[in-house]
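[1] here is my input, please return the structure:
(one chain, ligands or ions: 1)
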Amino acid sequence: MWKAVVTAAVAFALLLCQSSSLDNGLARTPPMGWLAWERFRCNVDCVDDPYNCISERLFMQMADRLAEDGWKELGYNYINIDDCWMSMDRDEQGNLYANKTRFPNGIKKLADYVHSKGLKLGIYLDFGTHTCGGYPGSIKYLQKDAETIAGWGIDMLKMDGCYANVSDMSWGYPDMEMYMNKTGRPILFSCSWPAYAGGIKVDYSVLGKHCNAWRNYDDIQDSWDSVTHIIDWFGDNQDVLAPAAGPGHWNDPDMLIVGDYSLSYEESKAQMAMWAILAAPLFMSNDLRSISPEARTILMNKEVIRISQDSLGMQGRRVIKGEDKIEVWTRELDVTFLPSYGIAFLNRRADGEPFNYTLTLGDLHFQYMMGYAVEDVFTGREYGHYDLYRELTVSINPNGVVLLYAYPSK
Ligand code: GLA
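    Purely as a prediction, here's the structure:
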């Protein structure tokens, strides 16, 4: 009987989430794919660096890799252009168009190519007078630009907020959403609004009505410092951020940098695990043409992706932040008759040896008296059965993570 009550309560909660969110049916789970910015930046030098410059060739090659190397099947299905794709001026009718040297066939042809691979194409605009890289902005052309990208067959828009007044964003982003809806083409809308409005000084219930995802905070850079800086901010502000996330509308801590230059193997696993716990969009920004087998294995881990893509869409929270520099984060997952959980133990110590950490599931406020079966997501190791009082010990490598999955069991 009470199982039926719990199920009904969950269904009602999901209905509430749905009715308050952007109604384009997209991003019911955090979107996944590849985004050019962190790794390829604004490299427009196709003369001396043709292999890495922002050009149709780069996106076609990455689309090939997504489609042929197993990424697409795991859910990585968006391929996203970022800044520096445009011509420096609009045409005589005020339309945007791509740089003709680097995108000789134009964006529509590129979208056709991407679609022929079973993928979706994302693009970048800026709400202000210019993009962050100095290319034409959209503030006076919202409707025109919405129609242009829909006409090209674009599937996702990241709208940045450089060179704009924050006060204008509260009409600008909703207007853009309205104009995109009017085109009739479903376009996943990623809004950078909160990142420019101080992160938590925005009304997230309004954002959820107009945007499918939003960048909240600083740009990620290729360093562990940057990753942990973002994780700290999400933890410190979780009471505002976590309730804002749900099916159709997600906080975005920025791209995955796994496979780039800086992160160690442990740090790479940690970023992947934490992004899954945070219900974050999973946009890799790396070179899929030469990615290492280790990075590939981490990014392709089906069990981590399963946590990321959990249908409840609840963002995880930092439950313990100890003086021993171990943090414990939990994310509530699908409800069969009671919630199961992802648990991330994040080791912020760098003192050279694995750290043994002990707690009980009761310490994490789990409720089911009969207890939980616990297994390691990365290794598949089964820890066994834990009631709320049995001590559980994990060994966490420096700058590393242990990610567990715990589900109710007798
Ligand atoms: C801003 C954004 C980045 C990227 C650059 C492009 O910094 O936050 O993600 O899009 O602009 O110029």
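[2] what are the C-alpha coordinates of stretch 64-76, in CSV please?
    In CSV, the C-alpha atoms belonging to stretch 64-76 read as follows (Å, rounded to 0.1, in the frame of the first residue of the first chain):
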residue,chain,number,x,y,z
ASP,A,64,32.8,11.3,-37.3
ARG,A,65,34.5,10.4,-34.1
LEU,A,66,31.3,10.8,-32.0
ALA,A,67,29.4,8.6,-34.5
GLU,A,68,32.0,6.0,-35.2
ASP,A,69,33.8,5.4,-32.0
GLY,A,70,30.8,4.5,-29.8
TRP,A,71,30.1,7.9,-28.1
LYS,A,72,26.8,8.4,-29.8
GLU,A,73,25.4,5.1,-28.5
LEU,A,74,26.2,6.2,-24.9
GLY,A,75,24.2,9.4,-25.3
TYR,A,76,26.9,11.9,-26.4
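[3] for the stretch 51-200 of the chain, what spans make up the helices?
    Per DSSP state H, counting those that start in this stretch, the stretch 51-200 of the chain carries helices over the ranges 56-68, 71-74, 106-116, 142-152, 166-183, 193-196.
[4] how far does the fifth one sit from the chain's center?
    By that I understand helix 166-183. In terms of Cα atoms, centre = their mean, to the nearest Å, the centre of helix 166-183 is set 22 Å apart from its chain centre.
[5] tell me what that helix is packed against?
    With contacts defined as 3 or more Cβ pairs under 8 Å, 6 or more residues apart in numbering; DSSP states H and E, helix 166-183 has these neighbours: helix 142-152, strand 156-160, strand 188-191, helix 193-196, helix 204-210. To be clear about C-beta, it is placed using only N, CA and C from the backbone, and glycine gets the same treatment.
[6] what does this protein have sitting close to the ligand?
    Contacts of the chain with the ligand, taken as Cβ under 6 Å from any ligand atom, map to Trp37, Asp82, Asp83, Thr131, Cys132, Gly133, Asp160, Ser192, Arg215, Asp219.
[7] quick check: the two most widely separated of the residues you listed?
    The span of the residues of the chain next to the ligand, defined through Cβ to Cβ, is set by Gly133 and Arg215 at 16.0 Å.
[8] who's more crowded, those two?
    Applying other Cβ atoms under 10 Å to Gly133 and Arg215 shows that Arg215 carries more neighbours, namely 25 against 19.
[9] now do the contacts for that one.
    Ser190, Cys191, Ser192, Pro194, Ala195, Asp252, Asp254 (Cβ atoms under 8 Å, 6 or more residues apart in numbering).
[10] how about a cut-off of 6 Å?
    Ser192, Ala195, Asp252 (Cβ atoms under 6 Å, 6 or more residues apart in numbering).
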